[in-house]
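Enquirer: okay, predicted coordinates and the sequence, questions at the end:
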Amino acid sequence: MKLATILPDSKYLTSGSLPALPTRLIVLISIIFFFYTTHISRFCSKFCVLFITKLKNYESLPKNRYIICKRILIVIFNRFKFSRDIGIDLGTANTLIHVSGKGVVLQEPSVVAMDLEEGIPLAVGKEAKLMLGRTPGNIRAVRPLRDGVIADFDAAEQMIKTFIQKCNEGKGIVAPRIVIGIPSGVTSVERRAVREAGLAGAREVHLIDEPVAAAIGASLPVTEPIGTMIVDIGGGTTEVAVLSLGGTVLSESVRIAGDEINESIALYLKKVHNLVVGERTAEDIKIKIGSAFPDDDFDKTTLEVRGLHLLSGLPRSVTLTSGEIREAMAETLSKIVEAVKRTLERTPPELAADIVDRGIMLAGGGALVRGINDLLSDETGIFTHIAENPLLCVVNGCGEVLDDFKKLKRVVDTPDFIRNAIRD
């Protein structure tokens with residue numbers, strides 16, 4: 001059936017041709033609404049998307065009409081849920097993904113194994129992490145992020161795209177809308193790099209500062225006129241922020257976190273025991289016997305560690321105690337404590353009073369280091385508590401923003417073309 005028979009009175013229609021705007025948009029919206037409300041198969045809905053992608057001269061329209069069309073399409077896709085919204089905690093150590101209506105569905109290491117000859121990813125996530133330090137010359141296993149920002153754009157793009165496809169396979173007919181958590185101290189160039197990498201697997205990318213996302217995920221009252229402090233200790237960065245009325249009053253981002261703690265442990269073993277260990281071994285030591293605050297009983301806990309002896313060049317094992325690992329971590333942890341103190345010193349009096357009453361909230365993988373809340377409480381004099389699921393705070397916060405986007409949209413960094421469409 002020709003479109004002219006559907007809308008015979010329109011002056012924009014010509015026999016056997018696609019309708020011109022605005023009738024073209026009216027037809028598109030009508031078809032999509034019809035297919036959606038009558039629950040016709042996904043094939044029919046895909047036809048609607050194909051229809052809009054094949055429109056002639058769409059991007060050559062006058063700027064104001066193009067912006068309006070873009071805005072209408074975004075509203076349609078978001079309103080009728082042709083895809084699932086996705087929240088991403090793009091961490092230096094791990095990437096977590098929250099899918100609307102399903103919760104956290106993916107938690108994998110931020111590692112990519114690339115074939116250097118073909119330039120394609122061989123493995124992503126858990127499988128790639130197993131290859132760290134074990135690859136032949138033609139394969140390179142890398143962490144695409146360093147200190148919370150993208151260090152290898154191509155690898156990051158492939159990783160994000162693969163993770164999104166894994167979570168969104170068969171769950172929608174168009175690419176998803178996503179919210180990505182990023183460190184608050186990143187530059188505009190680093191923000192743009194994250195957004196462009198995210199667009200590899202999404203139709204629309206919003207960015208949110210990690211401390212804000214962590215506070216939302218930890219159920220702190222960020223939209224109320226109450227001062228709250230969040231300390232998010234990730235793999236590459238530690239984010240300290242004071243929040244109130246849905247905004248960040250002040251914040252500090254230091255590129256000292258879990259990875260730096262691992263490095264301090266590895267350096268200690270090299271200096272004191274002449275033992276060289278890899279990144280994974282150092283992390284295992286931190287998890288098993290690492291502690292931030294003295295504990296007479298736990299300080300005696302021991303762990304046997306294997307590595308390469310510097311003097312003999314042969315594999316050797318040594319027995320470590322929790323007490324000496326705490327000493328190895330002390331200098332790095334003190335830098336995190338100093339960042340918290342500096343933020344408290346700059347906090348306005350009324351908000352500082354709220355923080356004293358409510359305490360400091362710890363989030364991120366670093367919050368799981370034994371005794372770190374006791375260390376902060378002792379150093380600041382303010383009660384410090386750990387979020388219920390510290391590893392999931394940022395990704396859950398991203399998910400909550402998507403679930404209630406109308407209420408929380410002001411806490412995200414909106415893409416320029418959407419902001420311009422709303423303004424115009």
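Expert: Nice, I can see it.

Enquirer: please count neighbours and contacts with C-alpha atoms only from this point.
Expert: Will do.

Enquirer: show me the shaky parts of the chain.
Expert: Flagging of the chain using pLDDT under 70 yields the residue ranges 1-83, 169-174, 413-424.

Enquirer: in it, which residue is closest to the centre?
Expert: Geometric centre of the chain, nearest residue: Asp89, 2.0 Å, by Cα atoms, centre = their mean.

Enquirer: and that residue, that's in a helix?
Expert: No: assessed with DSSP: H, G, I helix; E, B strand; the rest coil, Asp89 is strand; it does not lie in a helix.

Enquirer: Val104 versus that one, what's the distance?
Expert: Distance of Asp89 to Val104, computed by Cα to Cα, to the nearest Å: 10 Å.

Enquirer: repeat that for Phe383.
Expert: 29 Å.

Enquirer: same for the strand or helix carrying Glu283, what does it pack against?
Expert: Assigned by DSSP states H and E, Glu283 falls within helix 279-289. In terms of contacts (3 or more Cα pairs under 8 Å, 6 or more residues apart in numbering; DSSP states H and E), helix 279-289 is packed against helix 258-273, strand 302-309, helix 322-346.

Enquirer: domains in the chain, as residue ranges please.
Expert: 3-80, 86-213+394-423, 219-256+333-392, 258-330 (automatic domain parsing).

Enquirer: Val272 - how many residues pack around it?
Expert: 8 (other Cα atoms under 10 Å).

Enquirer: may I see the buried residues of the helix holding Glu283?
Expert: For helix 279-289, a neighbour-count test (16 or more other Cα atoms under 10 Å) marks Thr281, Ala282, Glu283, Ile285, Lys286, Ile289 as buried.

Enquirer: contact partners of that helix?
Expert: Applying Cα atoms under 8 Å, 6 or more residues apart in numbering, the contact partners of helix 279-289 are 261-263, 265-266, 301-303, 305, 321-322, 325, 369.

Enquirer: repeat that for 10 Å
Expert: The contact list for helix 279-289 (Cα atoms under 10 Å, 6 or more residues apart in numbering) reads 129-130, 132-133, 258-259, 261-267, 269, 276, 290, 298-307, 320-326, 329, 366, 368-370.

Enquirer: how far does it sit from its chain's centre?
Expert: 24 Å (Cα atoms, centre = their mean, to the nearest Å).

Enquirer: repeat for stretch 310-321
Expert: Counting by Cα atoms, centre = their mean, stretch 310-321 comes out at 38 Å from the chain centroid.

Enquirer: hang on, the earlier thing: wait, the residue nearest to the centre of the chain touches Pro211, no?
Expert: No: Asp89 is beyond contact range of Pro211, at 11.4 Å (criterion: Cα atoms under 10 Å).

Enquirer: name the residues contacting each of these two.
Expert: Residues touching both Asp89 and Pro211 (Cα under 10 Å, 6+ apart): Gly181, Ile182, Cys393, Val394, Gly397.

Enquirer: number of residues surrounding Gly133?
Expert: Close neighbours of Gly133, defined as other Cα under 10 Å, add up to 13.

Enquirer: tell me the SS of it?
Expert: With three-state DSSP as the basis, Gly133 sits in coil.

Enquirer: quick one, what contacts it?
Expert: With Cα under 10 Å, 6+ apart, Gly133 has these contacts: Arg140, Ala141, Val142, Gly278, Glu279, Arg280.

Enquirer: roughly how far does the third one sit from Glu157?
Expert: Noted for Val142: a distance of 13 Å to Glu157, by Cα to Cα.

Enquirer: follow-up on the earlier one: want to throw the contacts of Gly133 into TSV with distance to Cys167?
Expert: Shown next, in TSV, are the contacts of Gly133 (distance: Cα to Cα, whole Å):
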residue	distance to Cys167
Arg140	25
Ala141	22
Val142	22
Gly278	31
Glu279	28
Arg280	26
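
Enquirer: of all those, which comes closest to Ala123?
Expert: Closest approach between the contacts of Gly133 and Ala123, by Cα to Cα: Ala141, at 8.7 Å.

Enquirer: tell me which element that closest one is part of?
Expert: Using DSSP H and E, Ala141 falls in strand 139-142.

Enquirer: packing partners of that strand?
Expert: strand 112-115, strand 120-124, helix 126-129, helix 153-168 (3 or more Cα pairs under 10 Å, 6 or more residues apart in numbering; DSSP states H and E).

Enquirer: which parts of it are buried?
Expert: Buried residues in strand 139-142 (16+ other Cα under 10 Å): Ile139, Arg140, Ala141, Val142.

Enquirer: stretch 369-378 too?
Expert: Applying 16+ other Cα under 10 Å to stretch 369-378 flags Val369, Arg370, Gly371, Ile372, Asn373, Asp374, Leu375, Leu376, Ser377 as buried.

Enquirer: of those residues, closest to His98?
Expert: Distances from His98 to those, taken as Cα to Cα, are shortest for Val369 (24.3 Å).

Enquirer: convert the C-alpha atoms of stretch 221-230 to CSV, please.
Expert: Taking Å, rounded to 0.1, in the frame of the first residue of the first chain, the C-alpha atoms of stretch 221-230 are listed here in CSV:
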residue,chain,number,x,y,z
PRO,A,221,19.7,11.8,50.9
VAL,A,222,21.5,13.7,48.1
THR,A,223,18.5,15.7,46.9
GLU,A,224,17.7,17.0,50.4
PRO,A,225,19.1,20.1,52.1
ILE,A,226,21.4,18.0,54.2
GLY,A,227,25.1,17.8,54.1
THR,A,228,26.5,14.3,53.4
MET,A,229,30.1,13.1,52.8
ILE,A,230,31.0,10.2,50.6
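
Enquirer: what comes up buried for stretch 264-283?
Expert: For stretch 264-283, a neighbour-count test (16+ other Cα under 10 Å) marks 264-270, 274-277, 281-283 as buried.

Enquirer: could I get those in a markdown table, plus columns for distance to Glu224?
Expert: Listed next are the buried residues of stretch 264-283 as a markdown table, based on distance: Cα to Cα, whole Å:
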| residue | distance to Glu224 |
| --- | --- |
| Ser264 | 40 |
| Ile265 | 41 |
| Ala266 | 44 |
| Leu267 | 45 |
| Tyr268 | 45 |
| Leu269 | 47 |
| Lys270 | 49 |
| Asn274 | 53 |
| Leu275 | 52 |
| Val276 | 50 |
| Val277 | 47 |
| Thr281 | 43 |
| Ala282 | 41 |
| Glu283 | 38 |
